[in-house]
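> Quick one: sequence plus predicted model below, questions after.
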Amino acid sequence: SGKRVERISFLWTRAYQDGLGNTTVIAAHNAPLFMFDDDCYSHQSAAHCRLMPEVLNGMLILFAASDYNTLINIHDHWFDKTSGFSALDDAGDLDFDTYLRERFEPMLKKHRHIGPDRSIFNIAIVLAKRGCEARVINSNKKNPFNPLASLDVIGDCLKRVYQGRSTLRGKKAQTKVFSRHRDFISNKHQRLMSHLTLALIGCGGVGSILCESLLRTGFGQSAAIILIDDDRLEESNLNRFQGGKPRMVGKPKAYLLARQLRGMFPGQPIKAISQSVYHPDAEAALRSADLIVAGLDNDEARVFLNLIALQFYLPYFDAGTSITAKNAKTDFLTRYFAVIPGVTACMECTEYTLFNRERVINAFLDRETLQARAAAGYVIDEPSVSAPSVYALNLRSAGLLTTELLNYICGFRPTATLISESWRTGRFQRSD
């Protein structure tokens, strides 16, 4: 009911390029959104609308003074069941983009007092009754319209509200392989898992099991799995590295795991980066992912991933294990936590203790400051002792994360933010 006229709104966001030719546009939950009353339009009909020049210019003046670099214009085709840009949309989008390239960007370059000099990403989204269409516009290019690959909404569970046609032409999920999932994973969710790019950090005891488990669940079948680890396999790792053999000792874990997974899943796109998570190649790969999963053995890397997740709005899932043997009372401990930007607390503001703050501070100090803190008694030297580990405990930890990540996609119940488990006491604590 109500008026049957087309409307337009503008959303300000930020776009990031990862150095690999990928661009990610992030609209935070509190991003500026401009919706206009009827008296703001110079023309408004069932299939077309145009804002008054003074209204559009007023909004652009505010945008120029901000540090946002992306304008998204959104309008509705309420009369269509399925979405698609019309010839009128093409003409209007090209006209607006030409103004941005030929007048707006040069103005920012010439008059720095108006706002920061920057290139503007121009995006259009059209909404229909059953879906939407999205594209990037650049009138300076031979093909001015470039479809967006996907639009994701990060909330209590992950929702992909738009998938570009070009990305859907990739390899189809192996339906027979995942036929036993049909009773509890819908085709829609299996397809979503298949098209998600996962970055897995840590290819050791937990990570090697975790990655295989995620692939066997259906993640990344038509997208990619990115493995990041700078360690080489040691003889002491053979008790827990998935598929480890003596002849592998001394070789990079990321490459070993990638080779094994390609043998299990022929045609699966798997990229191995044998570098530290802090390396620029690793950071660029993280920014190109849809989800971050980790099986790490140090808190400083976890804190770094926490920062990456917050900056680029990437859901981050972490699993870890610990074995204690104090007073001859051995205990097997597992822990899982999730950081979902805009939804959950991060590692530093949660009420739970997820990392040793002092160790993280010391890990990032330069040598002179570290020596000064040690001399002042702030740093206690500890002998380097290898942490105890056992394969069965890694299986349990990887299983917890896989189940919760599946739950995050399918929405069976609220996603867990923290799970803590003690074998000796029988304690199992799960916080939604």
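The structure has been received and is ready for your questions.
> Please make it C-alpha for all contacts and neighbour counts, starting now.
Will do.
> Pull out the CA atoms of stretch 234-245 and give them to me as PDB.
Output for stretch 234-245, consisting of C-alpha atoms alone and laid out as PDB, is shown next (Å, rounded to 0.1, in the frame of the first residue of the first chain):
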ATOM      1  CA  GLU A 234      59.700 -31.000  12.500                       C
ATOM      2  CA  GLU A 235      59.900 -34.600  13.600                       C
ATOM      3  CA  SER A 236      58.100 -33.700  16.900                       C
ATOM      4  CA  ASN A 237      55.200 -32.500  14.800                       C
ATOM      5  CA  LEU A 238      54.500 -36.000  13.300                       C
ATOM      6  CA  ASN A 239      52.300 -37.000  16.200                       C
ATOM      7  CA  ARG A 240      49.600 -34.500  15.200                       C
ATOM      8  CA  PHE A 241      50.200 -33.100  11.700                       C
ATOM      9  CA  GLN A 242      47.400 -34.600   9.600                       C
ATOM     10  CA  GLY A 243      48.800 -37.100   7.100                       C
ATOM     11  CA  GLY A 244      52.400 -36.400   8.300                       C
ATOM     12  CA  LYS A 245      55.200 -38.700   7.100                       C
END
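> show me where pLDDT drops low in this structure?
1-3, 19-20, 166-175, 370, 373-387 (pLDDT under 70).
> hmm, 50 instead?
Confidence mapping of the chain against pLDDT under 50 gives the ranges 1, 170, 383-385.
> what residue lies at the spatial centre of it?
residue 314 (2.8 Å; C-alpha atoms, centre = their mean).
> Next, find the distance separating that residue from residue 230.
22 Å (C-alpha to C-alpha, to the nearest Å).
> same check, this time on residue 45
59 Å.
> And the helices in the stretch 51-200 of the chain, which stretches?
Along the stretch 51-200 of the chain, the segments classed as helices by DSSP state H, counting those that start in this stretch run 53-65, 87-99, 105-110, 165-168, 187-194.
> To residue 235, which of those lies closest?
Minimum separation from residue 235 across these (C-alpha to C-alpha) falls at helix 187-194, 34.6 Å.
> which strands and helices sit next to the closest one?
helix 391-410 (3 or more C-alpha pairs under 8 Å, 6 or more residues apart in numbering; DSSP states H and E).
> What segments of the stretch 301-432 of the chain are strands?
In the stretch 301-432 of the chain, strands defined by DSSP state E, counting those that start in this stretch lie at 316-326, 329-339, 418-422, 427-431, listed in chain order.
> mind putting those in JSON lines, mean neighbour count and distance to residue 277 included?
Shown next, in JSON lines, are these (neighbours: other C-alpha atoms under 10 Å; distance: least, C-alpha to C-alpha, whole Å):
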{"stretch": "strand 316-326", "mean neighbour count": "20", "distance to residue 277": "14"}
{"stretch": "strand 329-339", "mean neighbour count": "19", "distance to residue 277": "18"}
{"stretch": "strand 418-422", "mean neighbour count": "18", "distance to residue 277": "23"}
{"stretch": "strand 427-431", "mean neighbour count": "12", "distance to residue 277": "28"}
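> Please name whichever of those is nearest to residue 212.
Closest among the strands of the stretch 301-432 of the chain, once you apply C-alpha to C-alpha, is strand 316-326, at 14.5 Å.
> Tally up the residues packed near the nearest residue in space to the residue nearest to the centre of the chain that is not next to it in sequence, please.
Residue nearest to residue 314 in three dimensions, not counting chain neighbours: residue 291, with 5.7 Å by C-alpha to C-alpha, 6 or more residues apart in numbering. Using other C-alpha atoms under 10 Å, residue 291 has 21 other residues around it.
> how close does residue 291 get to residue 220?
From residue 291 to residue 220 the distance is 10 Å (C-alpha to C-alpha).
> which neighbours do the two share?
Both residue 291 and residue 220 are contacted by 196, 197, 198, under the criterion C-alpha atoms under 8 Å, 6 or more residues apart in numbering.
> Which one (most neighbours) among those residues?
residue 198 (25 neighbours).
> Would you confirm that it contacts residue 292?
Yes: counting by C-alpha atoms under 8 Å, residue 292 is a contact partner of residue 198 at 6.0 Å.
> Count the neighbours of residue 176 for me.
Neighbours of residue 176 (other C-alpha under 10 Å): 8.
> All the strands of the stretch 101-250 of the chain, in order from the start?
Using DSSP E, counting those that start in this stretch, strands in the stretch 101-250 of the chain cover 121-128, 131-137, 145-147, 150-154, 158-163, 198-201, 225-228.
> Distance from the last one to the middle of the chain?
Right, the one you point to is strand 225-228. 13 Å (C-alpha atoms, centre = their mean, to the nearest Å).
> What strands line up against it, and which way round?
strand 198-201 (parallel), strand 270-273 (parallel) (DSSP bridges).
> returning to what we had before: so who does the residue nearest to residue 314 touch?
With C-alpha under 8 Å, 6+ apart, residue 291 has these contacts: 196, 197, 198, 199, 314, 315, 316.
> beta partners for the third one?
Residue 198 forms beta bridges with residue 225, residue 291, as assigned by DSSP bridges.
> re earlier: just name the closest of the contacts of residue 291 to residue 132, please.
residue 196 (19.3 Å).
> Wait, that closest one touches residue 223, no?
Yes: with contact defined as C-alpha under 8 Å, residue 196 counts as touching residue 223 (5.8 Å).
> leaving aside the residues next to it on the chain, what's closest to residue 164?
In space, residue 164 is closest to residue 149, 4.6 Å off (C-alpha to C-alpha, 6+ apart).
> do you know how far the one you found is from residue 157?
Using C-alpha to C-alpha, residue 149 is found at 20 Å from residue 157.
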